[in-house]
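Novice: sequence unknown, structure follows:
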């Protein structure tokens, strides 16, 4: 995802780049770029975009932005999210705390409402517990 002039890569990532990678076992993908969580439907109602590509490649969940946010807002959200994940919070709990913390500091919906969770909120241990029940 970084520029590489020798290979002709400009650092941009496209959905077709992701589809060629096996992401089974990846529990969470985070994308802090503006509008990174957007998807588009084709004429047959098939979802396209980065979140759909990550899910099709095997990632369990994706967190991204639906519209542009200020850098300080994104720093608050993702900093809190990673902090909560480091405390072994589940994905859903970490997302909720990050969004609540961001909302407390930046109460305008245009700030805290930009962040989107797509996919399975359960962790691998939740899946293994269900299998034994």
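Specialist: Looks like it arrived, so ask away. All figures in this text were calculated on a predicted structure; none of them were measured in a lab. Residues are numbered from 1 along each chain as shown.

Novice: Tell me where this protein has strands.
Specialist: All strands of the chain, identified by DSSP state E, fall at 29-30, 40-41, 47-48, 61-65, 115-119.

Novice: The last one pairs with which strands?
Specialist: For strand 115-119, sheet partners with direction are given as strand 61-65 (antiparallel), following DSSP bridges.

Novice: For the residue most central in space within the chain, which residues are in contact?
Specialist: Centroid check for the chain by C-alpha atoms, centre = their mean gives residue 63 as the closest residue, at 2.0 Å. Residues near residue 63 by C-beta atoms under 8 Å, 6 or more residues apart in numbering: 28, 29, 30, 31, 37, 81, 95, 115, 116, 117, 118. Where you see a C-beta, it was placed from the backbone N, CA and C, and this is true even at glycine.

Novice: do you know which of the strands of the chain lies nearest residue 108?
Specialist: Ranking the strands of the chain by proximity to residue 108 (C-beta to C-beta) places strand 115-119 first, at 13.4 Å.

Novice: From the chain's centroid, how far away is the closest one?
Specialist: 6 Å (C-alpha atoms, centre = their mean, to the nearest Å).

Novice: Buried residues, that strand. List them.
Specialist: 115, 116, 117, 118, 119 (16 or more other C-beta atoms under 10 Å).

Novice: ok, now stretch 56-71?
Specialist: Buried residues in stretch 56-71 (16+ other C-beta under 10 Å): 57, 59, 60, 61, 62, 63, 64, 65, 69.
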